[in-house]
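In: From the sequence below, what's the structure:
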Amino acid sequence: MNTISILGSGWLGKPLAKELSRQYHIKLSTTTKEKLQSLKEKNITPYLVDIQNIQNNIKNFLDSNILIVNITSKDIPSFEELIENIKASSIKKLIFISSTSVYKNCNCTVKEDDKEFYSHSPLLDIEKLFLDSPSFKTTILRFAGLFGKERNPAEFFKNGRKIKQPESPVNMIHQDDCINIIKEILHKDILGEIFNCCASSHPAKKEFYSLFAKLSNLPVPNFEKDEKKEFKIIDNSKLLKELNYSFIHDDLLRFH
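Out: Next up is the predicted model:
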């Protein structure tokens, strides 16, 4: 059984570990000592790992075939130190979970190689650190807005907070598709690529958030009376073509 190390056990990392543990032995990291025992399950071994304070146990954590990096940190020096440790490990394949926030609002559709629409996000620098390393091959997954279990869009805007630019389109991806895409990348052994990961439909914010409020029996959120639009539409055509991927939740207005 191959071993996969997953750096990060949050909203995506923990359910991903459970799903992958059916086929692989999983090493799963947390930065909280109190969570170690609760993460331990069949084929899942928890580790205490903080890239801002790397300890000797990083060697055991990185003693795997594949590493999935799924943390929110944007601390570039810490990633540089992590990569030095990866170079000294058995890791030869890596998946880095990035974000479509690397693109600025251009009021247009953006593809992976549209560098003129890149923002000043430190994620781009971190992506480059991984992609430039000759010691292992990295695939970058740029996830759009995340929703699903424990991330209900109807609860994103609470306490009277208004949604700006209600007619601007959304870019979203469900947790089920996040996990499924990672499984496909592993299954098809795709290396050295960058993929936009986003549902194909892009309804207006007003439509999307009103639907989820209705489905959740919650009040419809407040929308600013703002006709201005500043947006981007994430193009997922490369993902659909190269993975032959079919989204589980592709039409965001047909969600039940």
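
In: Scan the protein for its longest helix.
Out: In the chain, taking DSSP state H as the definition, the longest helix is helix 175-188.

In: Show the subsequent helix or strand relative to that one.
Out: Scanning forward in sequence from helix 175-188 by DSSP states H and E, the next helix or strand is strand 194-197.

In: How far does the helix or strand following that next one sit from its chain's centre?
Out: Counting by DSSP H and E, the next helix or strand C-terminal to strand 194-197 is helix 205-215. Relative to the mean C-alpha coordinate of its chain, helix 205-215 is positioned 23 Å out (CA atoms, centre = their mean, to the nearest Å).

In: By neighbour count, which bits of helix 205-215 are buried? Give me those.
Out: The neighbour-count criterion (16 or more other CB atoms under 10 Å) identifies 205, 206, 208, 209, 210, 211, 212, 213 as the buried residues of helix 205-215. All C-beta atoms are positioned from the backbone trio N, CA, C, and that covers glycine.

In: cool, stretch 119-135 as well?
Out: The neighbour-count check on stretch 119-135 (16+ other CB under 10 Å) flags 121, 123, 124, 126, 127, 129, 130, 131 as buried.

In: ok, back up a step: if you count neighbours, what's buried in the longest helix of the chain?
Out: Neighbour-count burial for helix 175-188 flags 175, 177, 178, 179, 180, 181, 182, 185, 186 (criterion: 16+ other CB under 10 Å).

In: hey, C-alpha coordinates of it in CSV?
Out: The C-alpha coordinates for helix 175-188 follow below in CSV (Å, rounded to 0.1, in the frame of the first residue of the first chain):
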residue,chain,number,x,y,z
GLN,A,175,-16.0,19.7,-1.3
ASP,A,176,-17.1,16.5,-3.1
ASP,A,177,-15.5,17.8,-6.3
CYS,A,178,-12.3,18.9,-4.5
ILE,A,179,-11.8,15.4,-3.2
ASN,A,180,-12.8,13.7,-6.5
ILE,A,181,-10.4,15.8,-8.5
ILE,A,182,-7.5,15.0,-6.2
LYS,A,183,-8.4,11.3,-6.5
GLU,A,184,-8.3,11.6,-10.3
ILE,A,185,-5.0,13.3,-10.2
LEU,A,186,-3.6,10.5,-8.2
HIS,A,187,-5.3,7.8,-10.2
LYS,A,188,-4.1,9.2,-13.6
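
In: Give me the pLDDT for residue 227.
Out: Residue 227 carries a pLDDT value of 75.

In: Closest to residue 159 out of the buried residues of helix 175-188?
Out: residue 175 (24.8 Å; CB to CB).

In: Read off the pLDDT value for the closest one.
Out: Taking residue 175 on its own, its pLDDT is 98.

In: Begin at 41 from now on, thanks
Out: All right, first residue 41 from here; so that's residue 215.

In: what stretches of the protein score poorly on pLDDT?
Out: Low-confidence segments of the chain, defined by pLDDT under 70: 296.

In: All the helices of it, in order from the start?
Out: With DSSP H as the definition, the chain shows helices at residue ranges 53-60, 76-79, 98-101, 116-127, 162-171, 215-228, 245-255, 277-282.

In: from memory residue 171 sits against residue 178, does it?
Out: Yes: counting by CB atoms under 8 Å, residue 178 is a contact partner of residue 171 at 5.4 Å.

In: Give me the common contacts of the two.
Out: Counting by CB atoms under 8 Å, 6 or more residues apart in numbering, the shared contacts of residue 171 and residue 178 are residue 232.
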